[in-house]
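A.B. asks: Give the three-dimensional model of this entry:
(chains A, B, C and D, ligands or ions: 4)
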Amino acid sequence: MSATATVASAHDHGHEESKFWIYVQIALLLAVITGVEIVGVFIPFPKWIIVAGLVALSVVKFMFVIFYFMHLRWDKPFCTILFFIGLILAGGTMWALLHLFGAEASRPVVLNDAPAALVQPA
Amino acid sequence: MDATVKSSFTEHGAAAPSKSFVLWTPTAKTGLMSWLTTVDHKKIGFLYGVFALFFFLVGGVEALLIRLQLMVPNNTVLTAQQYNTMFTMHATTMIFLAVMPMGAAFFNFIMPLQIGARDVAFPRLNAFSLWTFVAGAIILNIGWFSPEGAPNGGWFGYAPLTSKEFIPLHSIDFWVLGLQLLGVASIAAALNFIVTIINLRAPGMTMMRLPVFTWMTLITSFLIVLSFPAITIALVELMMDRTFDTNFFEVSNGGMPILWQHLFWVFGHPEVYILILPAMGIVSEILPTFSRKPLFGYPIVVFSGASIGFLGFGVWSHHMFTTGMGTVATAAFAMATMAIAVPTGVKIFNWIGTLWGGHLKMRTPMMFALGFIWMFMIGGFSGVMHSAAPADAQQQDSYFVVAHFHYVLIGGSIFALLGGIHYWFPLMFGRQVSDFWGKLSFWVIFAGFNITFFPMHFLGLNGMPRRTFTYDTNMGWNTANFISTIGALILGVGIAVYFAVMVYTYFKGKKVGRDPWDARTLEWSLPNPPPEYNYAVIPTVHARDAFWYEKHHQEEIAKEKAEHAKAEDAHGGLHMPHQSIMPFIASVGVLIGAIGASYHHLIPALIGGVIMFIGIYLWSLEGADGYHLHLDADGKPVDDGHGKH
Amino acid sequence: MSLNSLLTTSARWSRAALALGSLALFAGCDLNFFKMDGPQSTIEVAGPVAREQLKVFYVTCWVTFVIFVIVASVLAYTTIKFKARTQAEEEAVPPEQGHGNPLIELGLIGASVLALVFIAVPTLKAIWYTYDVPEADKAHTYTVNATGYQWWFRFEYPNEQIDNVGPLVTANELVVPAGRPVHVNLRTNDVIHSFWIPKLAGKVDMIPNRGNSLWFKADAPGYFWGQCAEYCGDSHAVMRFRVIALEEKEFAAWLAHQKTAARDVAPAAATAKFASLQLKTDWKKNEYGYTGKLDANPLQAWRDKQQPETNEDPALIAQGRAKFKEHNCVTCHTIRGHDGVGTTAPNLTHIGARSTIAGGLLENNADQLARWISHPDVVKPGNHMYGGIGAMKGYVDKDKYGKVLKTNISLKPDEVVALVAYLQSLK
Amino acid sequence: MSSQGATATIDHHHDHTTATGIPNKKLLMWAFLASDCMFFGTLISTHLIYRLHPPSDALSPKQLFDIPLTSFSTFILLMSSLMMALAVTAAQKNNLKSMRLSLLATIVFGAIFLGCQVYEFNDFVIEKHLTLSNSILGTTFFTLTGTHGTHVAIGVLWLALMYVRSFKPAGDATGRHPWISNLFHVAALIGAVVCTMKIVIELVWSLHGFNGYSMATYASREVLTFVGAVVSYGLCFWFARPSGPVDFSEKNAIDVESMGLYWHFVDIVWIVIFTAVYLLEFI
Ligand code: HEA
Ligand code: HEA
Ligand code: CUA
Ligand SMILES: [Cu+2]
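C.D. replies: Numbers count the residues shown, from 1 in each chain, chains lettered A, B, ... in the order given. Ligands and ions are numbered 1, 2, ... in the order given. As a prediction, this is how the structure comes out:
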């Protein structure tokens, strides 16, 4: 109510001073990872390595953002659980859908002469 | 036992535009505005219930027309187009406008009471959900009054039949936009319930003390929140195809219509559990009350509810066994589907365990609950028959499926919901339905239901396809269809009796006091009808069947309450949220926008969007304001200061 | 409360009475309710695929039946045993507030899983069996391609090539060899349909942009009912077809005849004798389209159809052929050897030799043919012979809401007669 | 949590007495984001399915995508996330100035991202002839990235509203809200951002030599935009002039925080899209 009441922040976790630097470091890290990803795709490694690498790097970025920027690390674990329910179900559904469409029996008919698939789901 | 608070002082001296809480008596007409602006979860729940029952009757009339057409072979009551419209609208209405909102009505009305809360976490969001639901219902049905016609693509609207090429009329757009709005409304409501249950529990109400109905509300809300996005995307894609000529399901540019089926059923199967879990929750309240025993195996019932919900996301393709998914996928989905029988069975066993050794009071709600167990079991078994994919190749899209899902939907959901209305009627309105008439309607409904739908198993096995407006006399389907139609008429009479009795009781029924069933959960500790603020004092919960515990530890509880009351009053009294018209305005904007969009007109769509934005903007400016209420010794509000902060 | 208990006891009796009463009711009607022996029965099957599926069904049926009997008995016993019968019983001290028994729970979970294993094993076996023709049988599998159209089926025989034409094409009646596995490639021309011959095999969908197939085998020669089993628009209900399984020799003969061009009836010099056929015209909507003859012995009826009609009127037939051209029928239909290039509608080259028309909806006889071609819109709501297809859409006038205002197929009664005579001659 | 320490004047109807100790708004947002995972999950699936099984005459996205541009906008979005995180911390510490600056930075970065997307869409449609309806690639690509862009746009709007909200004067006993002037403030802010975006885009456009623009025609065509920019900047500064105490403090931090959650989520969705939609095409 009053703009002067600055004491007793409800979010006093003892990280206040360091948070600024944590955030900056993470932002830098994210930028670096993105750079690595961009360069990575042009390296002539076997496809599966690059795909795995990209997925891994994206997951790392993802986790950094949700756990630091989005505070999950400092929040009650319930928030993490709540979000991961959605995340895991969404991931599982994506995985299943890509497989269902990848199965031999499910190829569209016009596809018989199509170029090689872009990514093999696992 | 009435724990009330003495009004000692108020630091906000503002005069009170005091309005008493008059929802429940026929004089309750404090004007239309009081309904449009309400943020009270009980009023909102009541409105959900009224709309749901209305649409249940509409859907029922559509069903009767279907049955009349099928009464005899080569019949001409309806034309093909009318018939197709009829089953599309019958299913859409029943599922989205009757059973789901009926669930929402109970969630709204009962759940906050069960956890000892004064309202849901976001009362205005709750109002927005309600009015957006109404907007969706209007758009779905608008086609009846337009030359475009009502939707006729089947309730799962398979592409590419629903594309512009095959159904150029806007009837499908009404369906798309209508469902879209219902999705928004459902998700908003479900988010609200999740936060409410997690965060607004009274002290001592741990998760493992939640009444099972509240647990099922929570799980259902999760299912809604996690499954509706899939249909939202599917509908967006269809809408884009129809409005902007995109290619999601356009074969000539490489679209794959099978994608629609996957996206729909990713939503669709969790949806059927959205329809049944609240019912299971209701039954899990009724059975212990009327057996005078706690629920048998509470943790396992809760856990199996959760696993049904979770497994429900991994079985969607059992609706697609005939789409040629290949052996491995078919086998995987068949096995996963069968697995669901286990947690469901656990529930059945625990309900029987609850009855075992009890003192069963055979009142009307109990009849419906027992009827539920019987009928749902039969429906579940035909579900398991479907899950055996090779057998399903013969059953899919035959009347066997129609039999299956009406057994789970009517014998399951509807029975439980009708029982729930009986059960909570005294709490909601302070009157009790006559047991004689209640049971009479139950038996007529029970008989009519079985006469209608049991023969459909035979019809299906005898090769009668569903969604057929006519059939030939030489197919061996005449007798069963005739019986089925007679059954539907009996069922109709039963439902009519049921509602007649309800309406009568609402006005003239026997008045009853608090807790007429000797129930077990917290909501029964309230006077009926419950006051606007629910709990004069937020209760402290000491055991799973909280009210049962209270009744058996009266002195201790009374002392505790008095203390809490004092503390609460010291904080300025009961805080109540202000009413607000903004959610309603936002929903009106949504309605206008969606009508514009369904006619593919940009300008009205934008205007609607702007109105919605203004509504939400003003709503956000209102802030989470409220006022304070102080109660006298009878629990009547004496003075509500306008406590703005 | 005495009224109450009266009700509950009487309810039990009335339920019993109701059951008895309904039995009596059935006795009055034909008892086909339970027999499930209709032409589309999935219980009286006629081939190994459907039989395998039926076996799985019986397994599920028995397993769930046994569970039902057990659970239902316990439930019924509990309800009766623990029911409070008097006010005093209701208000007695509450029973022990027990909370459950983990051992019982675990046991029941185990039992359920076990029961499911009983269902799962035959299910898995049948999934693989029904998916494709067994290796051993592959060599003498017969292949056909089926394509769904709103609201009829086109059948193509890729192995039966006709010189300068391409594969043999027929419609709505699929003739196959009996005793041999038949592999059907399923395609669609427009929306999703589903191909279902209940007595021979469960259905598989015809989905745009997807290469589905199914297989079946008819144990013996026979005549089978088929049905589109996916909602595909207005006339989905009447999108039907027939399968005729023939012995190898008869099948070969049929093929040979089908490959020939349309039959010519030597035109007689006589002048037109319109209306020499007496045709029924007062059809009611949805009126049943069969005579008892086909129902009695369909396969024989089909065989009879292969023979030329008696009393053919060559002049009338010639008239009909002319009308067929004149009324634009040729734009959609093909009569190989005569006229027509259309591929958007059933191939009519040997229409006279089919037992049914309009997607198995009507028996193929003069009356029904006349009924069909004079009012296709009434017989099959929304159908494209009346409403037009693709490029032919302009051929009818429709209002904004798709209602047909005027169609180009408006035949005078005598023209209908000629057309019927002509179509009937196409054996 | 606790309300014991408070005096009778505490506004105990805000969220600090929840059963879990997690504020209601935060819980709401997390549950919503869980739902949004399914939303984007199915949408991304659609795109990937059609990329894995393209029609035989499908375009190759390799020739379309401009990786430097997309990398730049990815970077921008990451930085906006940083700014957002800082804004939340500032809000929690009741450091109004710092919070406003961070919010502004977030808005600007969000706007640049949107600008890049507008530029990209324009480029695809006009130069590379990929439209929403002429191919399945166009359909899924534009729908997916467009939906994400809409999320960003909603986020920018929300940020703008929050920024303006932080100027609400305190102590208005009548309870009236200055909502009209608020709206103008928001409009000025959005106007400033849009004009800047437009200027930058057109500048790049003309430097690139698209459509034969020269600097001269550029300047003449953009006069109106320049005027708009000047006006809206002026208004922004005017509205942001120092005035009395405001009704915004660390008690509003939860609002900023839940908005931040939304913003970060939109950012991580882009992380996934960047990898799955763009980068994977290049291996
Ligand atoms: C309330 C809604 C509801 C519920 C609860 C269910 C429950 C189940 N359903 Fe049903 N279903 C629908 C609504 C519902 N269904 C609808 C609406 C459709 C049609 C949609 C359309 O096409 O329009 C449909 C269609 C449908 C199909 C597709 C049929 C087809 O189109 O080919 C399948 C296939 O597997 C299926 C299976 C199941 C199973 C296995 C369950 C299980 O959850 C049932 C579990 C319950 C039991 C098994 C009984 C009790 C258990 C015991 C006593 C324990 C012991 C038992 C065993 C070990 C077997 N359902
Ligand atoms: C919760 C869902 C639900 C409910 C409750 C019902 C209830 C009923 N359904 Fe429904 N039904 C579906 C969900 C439901 N159905 C679905 C999902 C489909 C699939 C659709 C599709 O294929 O797309 C379907 C399809 C369906 C069919 C198959 C159509 C076809 O495939 O061709 C049939 C046929 O008999 C049928 C019949 C009935 C009947 C007789 C009832 C009865 O129980 C109805 C009982 C109610 C009444 C009889 C109302 C009585 C009212 C009065 C007497 C008062 C009148 C008063 C006023 C007008 C004020 N339904
Ligand atoms: Cu074709 Cu139904
Ligand atoms: Cu299902």
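A.B. asks: Run through the helices of chain A in chain order.
C.D. replies: A:16-40, A:47-64, A:77-102 (DSSP state H).
A.B. asks: Tell me which of those sits most buried.
C.D. replies: Highest mean neighbour count of the helices of chain A: helix A:77-102, a mean of 19 (counted as mean count of other Cβ atoms under 10 Å in any protein chain shown). Just so you know, the C-beta spots here come from the backbone N, C-alpha and C atoms, and that holds for glycine as well.
A.B. asks: touching chain C at all, that helix?
C.D. replies: No - contact of helix A:77-102 with chain C is not found when judged by Cβ under 8 Å from any Cβ of the partner chain; the minimum separation is 10.6 Å.
A.B. asks: Check which helices and strands that helix sits against.
C.D. replies: Counting contacts by 3 or more Cβ pairs under 8 Å, 6 or more residues apart in numbering or on different chains; DSSP states H and E, helix A:77-102 is packed against helix B:212-244, helix B:258-291, helix D:24-52.
A.B. asks: nearest to chain A, of those helices?
C.D. replies: helix D:24-52 (2.6 Å; Cβ to the nearest Cβ).
A.B. asks: what angle do the helix or strand just after the closest one and helix A:16-40 make?
C.D. replies: As assigned by DSSP states H and E, the chain's next helix or strand after helix D:24-52 is helix D:67-92. For helix D:67-92 against helix A:16-40, the angle by axes from the mean of the first three to the mean of the last three Cα atoms, to 10 degrees is 170 degrees.
A.B. asks: I'd like the mean pLDDT over helix D:67-92, please.
C.D. replies: For helix D:67-92, mean pLDDT is 91.
A.B. asks: before we move on, the earlier item: the helices of chain A into CSV, with extra columns for mean pLDDT?
C.D. replies: Compiled in CSV, the helices of chain A are given as follows (pLDDT from 0 to 100):
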stretch, mean pLDDT
helix A:16-40, 85
helix A:47-64, 89
helix A:77-102, 93
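A.B. asks: mind giving me a markdown table with those and columns for distance to C:Asn185?
C.D. replies: Formatted as a markdown table, the helices of chain A follow (distance: least, Cβ to Cβ, whole Å):
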| stretch | distance to C:Asn185 |
| --- | --- |
| helix A:16-40 | 44 |
| helix A:47-64 | 34 |
| helix A:77-102 | 20 |
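A.B. asks: Now render those as TSV, adding distance to ligand 1.
C.D. replies: Below are the helices of chain A laid out as TSV (distance: least, Cβ to the nearest ligand atom, whole Å):
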stretch	distance to ligand 1
helix A:16-40	42
helix A:47-64	33
helix A:77-102	16
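A.B. asks: just to revisit the earlier point, would you mind saying which of the helices and strands packed on helix A:77-102 lies nearest B:Ile378?
C.D. replies: The closest of the helices and strands packed on helix A:77-102 to B:Ile378 is helix B:258-291. By Cβ to Cβ, the value is 13.9 Å.
A.B. asks: Briefly note if the following helix or strand past the closest one comes near ligand 1.
C.D. replies: Using DSSP H and E, the helix or strand that follows helix B:258-291 towards the C-terminus is helix B:298-311. No - residues of helix B:298-311 are not located near ligand 1 by Cβ under 6 Å from any ligand atom, the shortest gap being 7.0 Å.
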